[in-house]
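> Sequence and predicted structure, then a few things I'm wondering about:
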Amino acid sequence: MIVTTSRKPGRKTRTFVRLLSSYMNWHYIPRGKKSLEDFFSSFPDLVIIEEIKGNPSILKVFKNSKEIFRIRFNLVRTVKLKMDNSPVFFSGKLEFNPSILGAVPSNIAGEKIKRKLKIRKELVKEVIVGKKRGRIFLDFRYRGKTMMFIYLNRKGYEP
């Protein structure tokens, strides 16, 4: 999947997009002066990260040039790490399918693979979904260490 930003992203947004793209095994292409139509003509499946007041805040997923998913979030923490391209697994109760974001689906087969990797201690990338003080959070872990932590806003996501 291809990921890009809004037209003039701030430093925090560029850093976040680079980290997220390497974590999720996406390919980051800086937008520059290209219009969305140019991107959609080249890449019909696209993720766009938008910002509010200089902070990354909205993740939109497009399939065949149509928006199919949106998450509104608050970024709490990022840690820069070098990562490999192992698959991403989600743990916890989700109200959306993680395969929209390119992760291993949380169906029976995906859970079986995740269990086997946990037993062998080879589970490298895991996104833990939980609730803290009534707010849903996503804890992106690489080899057991938190590298990104975000809270979803009240509405959170729109399928």
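That came through, no problem. Numbers count the residues shown, from 1 in each chain.
> ok, and the most centrally placed residue in the chain, which helix or strand is that part of?
Geometric centre of the chain, nearest residue: residue 20, 5.7 Å, by Cα atoms, centre = their mean. Using DSSP states H and E, residue 20 maps to helix 11-24.
> Can you give the strand pairings for the following helix or strand past that helix, parallel or anti for each?
Per DSSP H and E, the first helix or strand lying C-terminal to helix 11-24 is strand 27-28. Here strand 27-28 has these sheet partners by DSSP bridges: strand 2-5 (parallel).
> which residues in this structure form strands?
2-5, 27-28, 46-52, 55-63, 66-78, 88-91, 125-132, 135-142, 145-158 (DSSP state E).
> Any idea which of the ones you listed gets closest to residue 115?
strand 88-91 (10.1 Å; Cβ to Cβ). C-beta: built from backbone N, CA, C; applies to glycine.
> That closest one - contacts with which helices or strands?
helix 108-119, strand 125-132 (3 or more Cβ pairs under 8 Å, 6 or more residues apart in numbering; DSSP states H and E).
> want to throw the ones you listed into CSV with mean pLDDT, mean neighbour count and distance to residue 74?
What follows is the helices and strands packed on strand 88-91, written out as CSV (pLDDT from 0 to 100; neighbours: other Cβ atoms under 10 Å; distance: least, Cβ to Cβ, whole Å):
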stretch, mean pLDDT, mean neighbour count, distance to residue 74
helix 108-119, 80, 13, 27
strand 125-132, 89, 16, 12
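> Not counting its neighbours along the chain, what's nearest residue 73?
residue 150 (4.5 Å; Cβ to Cβ, 6 or more residues apart in numbering).
> Tabulate the helices and strands packed on strand 88-91 (a markdown table), appending distance to residue 56.
Output for these, formatted as a markdown table (distance: least, Cβ to Cβ, whole Å):
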| stretch | distance to residue 56 |
| --- | --- |
| helix 108-119 | 27 |
| strand 125-132 | 16 |
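> which stretch among these comes nearest residue 35?
Of all those, strand 125-132 comes closest under Cβ to Cβ, at 31.6 Å.
> Show me the contact partners of the closest one.
23, 83, 86-94, 98, 103, 114, 136-142, 151 (Cβ atoms under 8 Å, 6 or more residues apart in numbering).
> Just want the angle from it to helix 11-24.
Per axes from the mean of the first three to the mean of the last three Cα atoms, to 10 degrees, the angle that strand 125-132 makes with helix 11-24 is 120 degrees.
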